[in-house]
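Enquirer: sequence first, predicted coordinates after that:
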Amino acid sequence: MKALDIRQSAILPADPLPIVSIGLGGIVHDAHYPAYKIAGFDVVGGFDISSERAALMQDKFGIPRLYHSLSQAVTDAPENAVYDIAVPGSAIADILRSIPKGRAVLIQKPMGDDLTDARQILSICRERELAAAVNFQLRFAPFIIAARNIIERGAIGELYDVEFRVQVNTPWHLWGFLFPLPRVEILYHSIHYVDLIRSFCGTPGSVYAKTLSHPTAPDLRGGVRSMIIMDYGDNPRVNVMTNHSHAYGAEKQQSYVKFEGSKGAIQIRAGLNMNYPDGVPDRFEYISLEDGDEPSWRTLDIQGSWFPEAFIGTMASLMRYANGETSSLPTSVEDAIKTMATVEAAYDSSQQGGRPLPAV
């Protein structure tokens, strides 16, 4: 297997559609707009409830037009525009009700604050016949596209084990809106890993989980540490372990995903999580066992990272679907609600607690 044969980038639409932004917050600044610039996608207008924020984003990214209200954004948007919705989960449903029937929308994750919200969002999208996807962009990070390409070609054989390990010191103060929320770590962070695992392994039969706060972050009652086991029977073994309060220097920080198979393995360092928001370089290593050869790990040079390049893929896949270039929409609301159901099961498991020890 030659490294040059391993695909790392998303397939772009033959005819990109214009983009109208609803919400111009930090994630749009840090990832959406930088990604769209790389891909050559045109943002034709935007709206934010804060006119000051909207003006700042227009000055920095040259948004051709700012709308003064949601209704104006809907009324004046081009008929073939993709609506890029990046707002808190509680605001998604009302915005979707305003979108004209049959349009394309990309919804920033999560798909609402809980499964009840997700069901409502799905119902609205069906009723309004929207081509709707959720921005689970980790599926399209260059290192994940490469890993999927290797796995689908059978280079590491049958998948036996998938593991996410995140041990970092996350600057939660950057997202002040999270502090009053009852759900944080799984819903806003580990949901990426849950969704990605589903994309490789399917939806699990059951989930075991525990999410909890940390003494150094008592104000974040929605949790900053989680353990999630996604149960697929004997194989693959799948777990997610996160600790966002590792405040002991960079030396022992970790952020990786590992895939182990019957004929090889892949281990990827997702450097964005470490020393956030600056991050550290990603690293992609893989091994394919060959008869008679001593096992030897190889490194693949990856072009791009999670931020911003992964955000190209979610928008590109929606544009291609809306254009009729493909019948596949990987992060459709129909699929994303299964990720939300898995997250809901994790929170249910965390609340129910473990089994008490039998009497001795």
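Expert: Yep, that arrived.

Enquirer: which secondary structure state does Asn306 sit in?
Expert: Not quite, residue 306 is Trp, not Asn. Recorded secondary structure, Trp306: coil (DSSP: H, G, I helix; E, B strand; the rest coil).

Enquirer: tell me how many other residues surround it.
Expert: Using other C-beta atoms under 10 Å, Trp306 is surrounded by 22 other residues. C-beta coordinates here come from the backbone N, C-alpha and C atoms, glycine included.

Enquirer: chain center to stretch 214-222: distance?
Expert: Counting by C-alpha atoms, centre = their mean, to the nearest Å, stretch 214-222 is centred 24 Å from the centre of its parent chain.

Enquirer: other residues contacting that stretch?
Expert: Residues outside stretch 214-222 that contact it (C-beta atoms under 8 Å, 6 or more residues apart in numbering) are 172, 178-179, 181-185, 187, 213, 224-225, 243-245, 247.

Enquirer: what is the most widely separated pair among those?
Expert: Pro182 and Ala247 (24.2 Å; C-beta to C-beta).

Enquirer: out of the contacts of stretch 214-222, which one sits closest to Tyr33?
Expert: Leu178 (22.2 Å).

Enquirer: I figured the closest one was touching Glu185, is that so?
Expert: No - counting by C-beta atoms under 8 Å, Leu178 does not reach Glu185; the two are 9.4 Å apart.

Enquirer: between these two, which one's more packed in?
Expert: Shown here are Leu178 and Glu185; by other C-beta under 10 Å, Glu185 has more neighbours (26 against 19).

Enquirer: got a list of what the more buried one touches?
Expert: Glu185 neighbours (C-beta under 8 Å, 6+ apart): Thr211, Gly222, Gly223, Val224, Arg225, Ser226, Thr242, His244.

Enquirer: find the centremost residue of this structure, please.
Expert: For the chain, Phe136 is the residue whose C-alpha lies nearest the centre (C-alpha atoms, centre = their mean; 3.2 Å).

Enquirer: OK, contacts around that one?
Expert: Contact partners of Phe136, counting by C-beta under 8 Å, 6+ apart, are Lys109, Ile191, His192, Asp195, Leu196, Thr314, Thr331, Ala336, Thr339.
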